[in-house]
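[1] here is the input, now give the coordinates:
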Amino acid sequence: MANYFICLVVQRLILPLILAICCLLRPVGLSLPYLIFLLALPFVPVATPRSIKGSTGIYFKIYIAVSILLLLGQIAFQIVFVVLGYELIEQCQFTEILLRHVGLVKFEDLNASMVVYWIAPEIIMTLTSGIVYGVLKKLANGAIGEEVGPGTATSPTSLEAPEVLSLGCGGVGGPNPVSREKLAFLTKLGVVLSVAMLCLAAVLQPSVPSGIYFVIFLGSATWWACYKELDR
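    Down below sits the predicted model:
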């Protein structure tokens with residue numbers, strides 16, 4: 001029960017906050033995958049022994065792969081300039097401006113703070129994706145040991161649907177500290193946080209990616225205002 005509650009907090013509060021920060025930190029084309037992961041997160045089931053091997057596990061594996069590819073792309077882009085020379089693309093030309101909006105810039109004339117500004121989201125997302133997946137997988141698999149102790153008979157229901165057991169309000173062991181009301185509140189809070197961060201990403205710095213964020217924010221807010229669900 002405690003493990004499920006921690007997984008819920010990590011997946012519905014901490015991870016959306018990190019994704020939103022990366023989108024806000026550098027609103028360019030390379031941040032669009034992070035926005036997609038942020039918008040898809042409410043539809044991903046909370047990590048359990050069953051879901052971590054299914055849709056939740058697939059989500060995080062794709063998340064890790066995309067984060068690593070984006071980081072390698074940034075590194076490869078800089079290596080190309082080191083090998084072929086920074087004169088390969090002239091300053092303020094169409095190609096350079098286009099690459100800048102995508103999120104690929106030359107680090108030749110940038111100070112340390114600006115280099116961090118352009119490369120930090122990839123580093124943060126690569127580290128976060130692996131750490132969060134490892135923590136959720138360990139907690140989800142650890143839930144089996146908590147629910148099925150030595151000498152306790154196992155059943156498919158207890159192993160495949162721990163989230164149902166975690167939602168119970170009573171039983172042999174007494175009242176459950178994680179009530180349905182608390183779980184529903186945390187889930188809704190994660191959705192509100194995601195929508196709010198999406199709005200901030202749209203208005204923080206006017207640009208083409210920010211316009212995309214704003215359109216998605218308007219669509220999400222309108223859908224929610226029509227009494228539709230943004231989460232499962």
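[2] tell me where this protein has helices.
    In the chain, the helices defined using DSSP state H lie at 2-9, 15-25, 32-40, 55-84, 94-102, 112-147, 156-160, 162-166, 180-204, 208-225.
[3] pick the most buried one from those.
    Mean neighbour counts were taken over these using mean count of other Cβ atoms under 10 Å, and the top value, a mean of 21, falls to helix 15-25. From N, CA and C alone the C-beta is placed, and that goes for glycine too.
[4] so who does I21 touch?
    Contact partners of I21, counting by Cβ atoms under 8 Å, 6 or more residues apart in numbering, are 124, 197.
[5] I'd like the distance between it and K61.
    22 Å (Cβ to Cβ, to the nearest Å).
[6] if we can go back for a sec, can I get the helices of the chain in a markdown table with mean pLDDT and distance to P49?
    Rendered in a markdown table, the data for the helices of the chain read as follows (pLDDT from 0 to 100; distance: least, Cβ to Cβ, whole Å):
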| stretch | mean pLDDT | distance to P49 |
| --- | --- | --- |
| helix 2-9 | 83 | 10 |
| helix 15-25 | 87 | 19 |
| helix 32-40 | 90 | 22 |
| helix 55-84 | 91 | 11 |
| helix 94-102 | 85 | 40 |
| helix 112-147 | 85 | 5 |
| helix 156-160 | 42 | 6 |
| helix 162-166 | 43 | 6 |
| helix 180-204 | 76 | 18 |
| helix 208-225 | 83 | 31 |
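[7] out of those helices, which comes closest to V46?
    helix 2-9 (5.2 Å; Cβ to Cβ).
[8] run through the neighbouring helices and strands of the closest one.
    Counting contacts by 3 or more Cβ pairs under 8 Å, 6 or more residues apart in numbering; DSSP states H and E, helix 2-9 packs against helix 112-147, helix 162-166, helix 180-204.
[9] one more pass at 6 Å, please.
    helix 112-147 (3 or more Cβ pairs under 6 Å, 6 or more residues apart in numbering; DSSP states H and E).
[10] quick one: the helix it packs on to helix 15-25, angle?
    With axes from the mean of the first three to the mean of the last three Cα atoms, to 10 degrees as the basis, helix 112-147 and helix 15-25 are set at 170 degrees to each other.
[11] tell me which other helices or strands helix 112-147 touches.
    Contacts defined by 3+ Cβ pairs under 6 Å, 6+ apart place helix 112-147 against helix 2-9, helix 15-25, helix 55-84.
[12] the residue lying closest to A221 once chain neighbours are set aside and S220, how far apart?
    Closest residue to A221 apart from its sequence neighbours, by Cβ to Cβ, 6 or more residues apart in numbering: V195 at 6.4 Å. For V195, the distance to S220 equals 6 Å [Cβ to Cβ].
[13] same question, L17
    As judged by Cβ to Cβ, L17 and S220 stand 17 Å apart.
[14] same question for E229.
    To S220, E229 is 11 Å away according to Cβ to Cβ.
[15] no further queries at this time; thank you.
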